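Novice: Sharing a sequence plus its predicted fold:
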Amino acid sequence: MSANSYDVVVVGGGHAGLEAAAAAARLGLSAAMVTLDALAIGRMSCNPAIGGIGKGQLAREIDAMGGWMGQITDRAGIQFRMLNTSKGRAVQSPRAQCDRELYEQVAQEMVSAQDGLEVVEGEAVELLMIPKEGCSEPGPLACAGVQLDDGRTLMAAAVILTTGTFLEGILHTGLEKVAGGRAGEAGAGKLGESLRALGLPTATMKTGTPPRLAADSVDYSVMQEQPGDEQPVPFSFLTDRLPQAQVSCWQTTTVPRTQEIVRDNLHQAPMYAGRIDGKGPRYCPSLEDKVVRFADREAHNIFLEPEGHDSDLLYANGISTSLPVEVQQEFVRTCVGMENAVIIQAGYAVEYTHVAPRCLSRTLELRDFPGLYLAGQICGTSGYEEAAAQGLMAGLNAALKIQGKEPLILGRHQAYIGVLIDDLVVSDPSEPYRMFTSRAEHRLLLRHDNADVRLTPIASAVGASTPERDARLKQRVAAMEQMRERLQSMTIPGEPQRGGPKRTMLDVLRRPKDGGWQKVLELCPALEEHALARRDWESLEADVMYAGYAKRQQSWVERSESREQTEIPNGFDPKALRGLRGEAVIAISEARPATLGAAGRLAGVTPADLALLEIALAKSARS
């Protein structure tokens, strides 16, 4: 069979593979995307939604770095909501429900239009390894390509594995199991053997989905409607208008009888029957897990989310399950408003292989095997956004290395993407890793609305941006700065002088509880002529409001090197530290780390925990 050569070969066409292949191609390299089915590229295996707490920040950062996720979401989104609006701007996160079929359609259109990107249908079954440059066998190996199941060979300077749940995937429904990576789709079994042959540490993890219901089989009148935002915020900084009509989602609940049915059938759940070894996501548990872990709860929330304008399916978010189909049908019909619900696709669990990410450098290249990169669920993460962020960075770094340029490493103070990768490469996740705002100690600097200001210049410097994106950022930053200066020069109309300098309109903007930017426009209607876009007003308001806090966080960043070496006294008792989460107390008590740096790398210790610990140690040193 023939051998084809590319600069980069990406194995997988999911969210990580999509961003990896596109990133390499945008930097001018030839990239091949190997996928089992070209019509499944960009498919949303689980919930057709992008964003959420922490995840929304990742999605906007991907866009700011030139990635595709934000643009696809804006074209396919059917409901946009800003979460955590009752809390501070630093933890507010965008989320969009998408039309499942339209999302993959748009993704495939973008792949077809991308110069330098070729789709290759087939299954990668073996990694092609050669001696490292300058070494002779036997000795260290480098990756030089992949072998496909039909005998074709794809040679490349870099290979990026983005296998998702397909790597040795097994689908579980009740006590029945079948090989596969997604309902109705085959898995990729042989590549796992190639990874283990290299001596890489592999393990299994689990994820799952809820049943999909017929949209006309539920009673919406007894449910709580959840409409989208009246003024929705797009994900991409390039989007001016959201093209799709917006829809509502619906909230309902289980009842005690639901839990009773699940409890009575736990022996048929593969996790509790000992059929699954992999650990599932803690923050998105199955209904079986909820019933066991929260036995005192009489009800659990369910969110019925439409899968598209032309779809008759509802995604029953909140009742992920792998119980037998007949049990699913029984418990579903006990839920409020779902007494006549029809299951179109039953829920199921997926068990799949991942590689311990401690083997990776921060470029996502395997330290011991140059030319081989990993991204997505193969690294032990959960979610489209985490996968896409890794794919983007793996694709960019593979391309930069091939071009002989410096790697692109984002710090924890620069991006949630930096937090994600830093967390992964110093850990060995025992459960699927999910991003939250609480994982980012510098979250005041990392708002979703300023992702372009933080990251687009970095993307531009490595050739990952576009002239349009750069020009938009320049215009946006200039407009906000001009408005800031204008407000600083304007006193508040009609406010009497109370001694000292008169307050300015910038002071009004600094106090959103008093009306913020909307109050500014109310007091000075003439500013409407120079008004910023709503999202720019909100971003400027956050910049002004958080200026002092951001300065202190920046100072904290600069002290990070000394913080790494800060000693933790032998007698330090984490249980006595108010505000430290229980998980962190246990981790620190058991491991007894000698320094703050070592404590920060413990599983279960978040950056926020570390900040509390640092403050406590500093106070102790002064006393």
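Specialist: Done, it's in. Bear in mind the structure is a predicted one, so any value in this text is a computation, not a measurement. Residues are numbered from 1 along each chain as shown.

Novice: which residues touch stretch 170-187?
Specialist: Applying Cβ atoms under 8 Å, 6 or more residues apart in numbering, the external contacts of stretch 170-187 come out as 36-37, 40, 43, 45, 163-169, 188-189, 209, 268-270, 273, 275-276, 322-325, 327, 345-352. To be clear about C-beta, it is placed using only N, CA and C from the backbone, and glycine gets the same treatment.

Novice: tell me which residues in it are buried?
Specialist: Buried residues in stretch 170-187, counted by 16 or more other Cβ atoms under 10 Å: 170, 171, 172, 173, 174, 177, 180, 181, 182, 183, 185, 187.

Novice: so for it, what's the average pLDDT?
Specialist: Stretch 170-187 shows a mean pLDDT of 85.

Novice: pLDDT wise, what is residue 207 at?
Specialist: Reported pLDDT at residue 207 in the predicted model: 87.

Novice: go on, the one 3 residues further on?
Specialist: At residue 210, the model reports a pLDDT of 95.

Novice: what about the stretch 1-150 of the chain, any weak spots by pLDDT?
Specialist: Counting by pLDDT under 70, the stretch 1-150 of the chain contains low-confidence residues at 1-3, 134-139.

Novice: for it, what spans make up the strands?
Specialist: Assigned by DSSP state E, counting those that start in this stretch, the strands in the stretch 1-150 of the chain fall at 3-11, 31-35, 49-51, 77-83, 93-98, 117-121, 124-131, 141-148.

Novice: want to try a markdown table for those strands, with distance to residue 467 and mean neighbour count as columns?
Specialist: Formatted as a markdown table, the strands of the stretch 1-150 of the chain follow (distance: least, Cβ to Cβ, whole Å; neighbours: other Cβ atoms under 10 Å):
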| stretch | distance to residue 467 | mean neighbour count |
| --- | --- | --- |
| strand 3-11 | 24 | 23 |
| strand 31-35 | 22 | 27 |
| strand 49-51 | 26 | 28 |
| strand 77-83 | 26 | 23 |
| strand 93-98 | 26 | 27 |
| strand 117-121 | 20 | 18 |
| strand 124-131 | 36 | 19 |
| strand 141-148 | 34 | 22 |
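
Novice: closest to residue 525 out of the ones you listed?
Specialist: Residue 525 lies closest to strand 77-83 among these, at 26.5 Å (Cβ to Cβ).

Novice: Okay, now the sheet partners of the closest one, with direction.
Specialist: strand 93-98 (antiparallel) (DSSP bridges).

Novice: and residue 17, what does it touch?
Specialist: With contact set as Cβ under 8 Å, 6+ apart, residue 17 has these partners: 10, 11, 33, 35, 41, 160, 162, 375, 376, 391.

Novice: what's the answer for residue 132, then?
Specialist: Per Cβ under 8 Å, 6+ apart, neighbours of residue 132: 139, 140, 141, 142, 370.

Novice: Among the contacts of residue 17, pick out the one closest to residue 595, please.
Specialist: Closest to residue 595, out of all of the contacts of residue 17 and judged by Cβ to Cβ, is residue 375, at 30.4 Å.

Novice: That closest one reaches residue 396, doesn't it?
Specialist: No. Counting by Cβ atoms under 8 Å, residue 375 stays clear of residue 396, with 10.9 Å between them.

Novice: who has more neighbours, these two?
Specialist: Neighbours were counted for residue 375 and for residue 396 using other Cβ atoms under 10 Å; residue 375 has more, 34 against 27.

Novice: Contact partners for that one?
Specialist: Residue 375 neighbours (Cβ under 8 Å, 6+ apart): 16-17, 20, 160-162, 364, 387, 390-391, 393-395.

Novice: Try it again at 10 Å.
Specialist: For residue 375, the contacting residues are 10, 12, 14-17, 19-20, 160-164, 360, 364, 381, 386-395, 398, 421, by Cβ atoms under 10 Å, 6 or more residues apart in numbering.

Novice: Filter the residues you listed down to the ones in strands?
Specialist: When the contacts of residue 375 are checked against strands (DSSP state E), the matches are 10, 160, 161.

Novice: Next, work out how far apart the first one and residue 482 are.
Specialist: Yep, that's residue 10 we're talking about. According to Cβ to Cβ, to the nearest Å, residue 10 stands 43 Å off from residue 482.
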